[in-house]
Each structure stands twice: as C-alpha cells, then as structure tokens.
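*Asks:* fold the following, please.
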Amino acid sequence: GPYVVKDWVPNQRVVLQRVDNYWGTEKEHPVHRQYPDQLLFKAISDENTIELQIKQQRVDVALNIPTKTFDRLAQSETVEEFYMMESGLRDVFTYIGYNMRPDGRKHKPIFSEQAVRRAFGLVSPVDDLIQEYQSGRAKRILSPVYPASKYYNDTIPMLPFDPDSAAALLDGAGWIDSDGDLIRDKEVNGERIALSIALSYPAGQQSFADMMQRIAEEAMKIGCEVKLDPIDFNLLISNMRDHDFDAFFAASTSPLVGFDFAQNWTTTSWQAGSNYTGFGSP
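*Replies:* Below is the predicted model:
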C-alpha cells in the first residue's frame, strides 16, 4: 500500500509513514493516493478530550463525535472558522443484547424468557433517548437490516414505551415481589432468583451512561433492578465473545448490500461467531 505502519500503541495511536517509490503512485484510484508524509490516528474515547482537541485544533479530522459534543462544537467560533462539520445517518445501529443462554451460575436464566425480554423492551424509552441524547438525529429501526435495503421489513409493529404492559407481562410470567424488597423474583429450576441484572456498556462516553441510567430508572419502576456496569471497550468485546454478561449495550454495522445473516443469528455461531446473545429457536 501507499503507507506502512511506523508506530502502533494499542488504544492510543497508529502512525503510518508514506512509502517512497510506491508502485501505485500514478494510479488514479483513491486507494493509491498518498499526500501527507505521515498519518497519525488517535484513539480518543473521552468526550471532553475530543472536544478540547478539536477546539485547540490538534486534530484535522474527527469521526463518531458524540451528539451532545457535536452540538457544543457547532456553537464554537473557532470550530466554525477552521472546521467543516457534517452529520448524517450511518450504517451503524446501537442495541441492547440479552444473554439468552446463561450459565445459570454467574448469570441467571432471566433473559431466557421471552416475557422478560419483551418487558425490558417495553420499559426502554427509545424515542425519548433519541430526542434527549441524540438531538433527534438518530433514526429508530425495526431490525438489524439497513432501512434502505430491500430486505428491510417496514411492516413490523414498533415496540412502544408501555411500562403497564411490561408489568403485566412479568406478572403473567410469575415474576412477583415475594419478599417486599421492591424487586421481583421467581423460582427457576428450584432456585429463587431476583429480577436483577447487570447492564454493561463502553465506559468513557457520558451520553451512553445517561441513556443507560434512564433505562435503569424506568426498569426499577416495574420491579426490575438494573445495575450499571461501564467497562473498557476491549473488555466488553471479550465478555460478549465469552457470553460473560447479563445484558450489554453496543453497536454493530448494518451493510447497505445483502449479507450473510448466519454470522450473527444462527445457533452454530454462538460458540464460534458473533451470535453473542445465543439467539435461536426452531
């Protein structure tokens, strides 16, 4: 390629050095272009650091800026003078994954029940989260398929924010507060377990923390305890692969073209694929 790796510090930076006498110099395709002598890619996860680096003009290009940070930068005279800012829909969606095949010891069989999964969805105020923390820029979708794809099914009913229906679902499934501690519980496989889960998400972004806090508050109102678990991104990915979680908040891509659903959704991909949640049914 037109550049070669000169320096690489995990989770901090990657430096690429221009290759002299590169064979593709005269080629017109963009993949052959080489302008700067050096390219420095910084890994910055903290929202405040990103904002400060841009205001101090210490970066030339910044991607995936949190919405609230983006809004503040848009009001900066310095940013207005020296940067061009753009926002738009991407082929990335965020979601909460439930552990549907827990080990039964460290992670209890809570989300193995469809009623619990649906109840949790009914108390997740997605539309409010989009307005409050994404400034209304995000688009709610009905499935992991990109909305512009011919595979996208736009006839699926959108799950509403309905705590009363969520509570009724849990009542019907036998999840009740038997000991008066305000947290529902149920006897499963001979063990009485509490409707209490840990929700993991990438640490370092305040918007993520705020959204998860809002979901936890709504869940607690119907007797579901959600313990927030912000962790390092790499550890989160590792836990997802090892199925070491109750629930996680993460992002994934939704390709514009057709793709093989087996990697994420078949039962065979649970052990050696990206089916982290253990999704699968007859």
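
*Asks:* what's downstream of the longest helix anywhere in the chain, the next helix or strand?
*Replies:* Longest helix in the chain, counting residues (DSSP state H): helix 206-220. Tracing the chain C-terminally past helix 206-220 and defining elements by DSSP states H and E, one meets strand 225-231 next.

*Asks:* against which helices or strands is that next one packed?
*Replies:* In terms of contacts (3 or more CB pairs under 8 Å, 6 or more residues apart in numbering; DSSP states H and E), strand 225-231 is packed against strand 196-202, helix 206-220. Every C-beta, even on glycine, is put in place using the N, C-alpha and C of the backbone.

*Asks:* flag every buried residue along that strand.
*Replies:* Within strand 225-231, the residues scored as buried using 16 or more other CB atoms under 10 Å are Glu225, Val226, Asp229, Pro230, Ile231.

*Asks:* before we move on, what about stretch 30-38?
*Replies:* Applying a neighbour-count criterion of 16+ other CB under 10 Å, one finds Gln34 buried in stretch 30-38.

*Asks:* for it, list the C-alpha coordinates in CSV.
*Replies:* Coordinates of each C-alpha in stretch 30-38 appear next as CSV, following Å, rounded to 0.1, in the frame of the first residue of the first chain:
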residue,chain,number,x,y,z
PRO,A,30,-8.3,6.6,-4.4
VAL,A,31,-6.7,3.6,-2.7
HIS,A,32,-3.4,4.6,-4.2
ARG,A,33,-3.3,8.2,-3.1
GLN,A,34,-0.6,9.4,-0.8
TYR,A,35,-0.4,13.0,0.1
PRO,A,36,0.9,13.6,3.7
ASP,A,37,4.3,12.2,4.6
GLN,A,38,2.7,10.8,7.8
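
*Asks:* hang on, Trp8 in a helix?
*Replies:* No - the assignment for Trp8, made by DSSP: H, G, I helix; E, B strand; the rest coil, is strand rather than a helix.

*Asks:* can you pull the phi/psi pair for Phe93?
*Replies:* Main-chain dihedrals, Phe93, degrees, to the nearest 10: phi -130, psi 150.

*Asks:* so who does the residue lying closest to it once chain neighbours are set aside touch?
*Replies:* Among residues not flanking Phe93 along the chain, Ser254 sits closest, at 5.6 Å (CB to CB, 6 or more residues apart in numbering). For Ser254, the residues meeting the contact criterion (CB atoms under 8 Å, 6 or more residues apart in numbering) are Asp91, Val92, Phe93, Ile141, Pro144, Val145, Tyr146, Ser149.

*Asks:* and what of Phe249?
*Replies:* The contact partners of Phe249, taken as CB under 8 Å, 6+ apart, are Thr94, Tyr95, Ile96, Leu199, Ser200, Tyr201, Pro202, Phe208, Met211, Met212.

*Asks:* ditto for Ala203
*Replies:* Residues near Ala203 by CB under 8 Å, 6+ apart: Ser45, Pro230, Ile231, Asp232, Phe233.

*Asks:* Phe161 too?
*Replies:* Leu122, Val123, Ser124, Pro125, Val126, Asp127, Asp128.

*Asks:* one more time with 7 Å
*Replies:* Leu122, Pro125, Asp127 (CB atoms under 7 Å, 6 or more residues apart in numbering).

*Asks:* now the phi/psi pair for it, please.
*Replies:* The main-chain torsion angles of Phe161 are listed as degrees, to the nearest 10 and equal phi -90, psi 110.

*Asks:* give me phi/psi at the closest residue to Ser178 other than its chain neighbours?
*Replies:* The shortest distance from Ser178 to any residue other than its chain neighbours is 5.6 Å, reached at Asp185 (CB to CB, 6+ apart). Summarising the backbone geometry of Asp185 under the convention degrees, to the nearest 10, its torsions are phi -150, psi 170.

*Asks:* what sits opposite Asp185 in the beta ladder?
*Replies:* The residues paired with Asp185 through beta bridges, assigned by DSSP bridges, are Ile176, Ala194.
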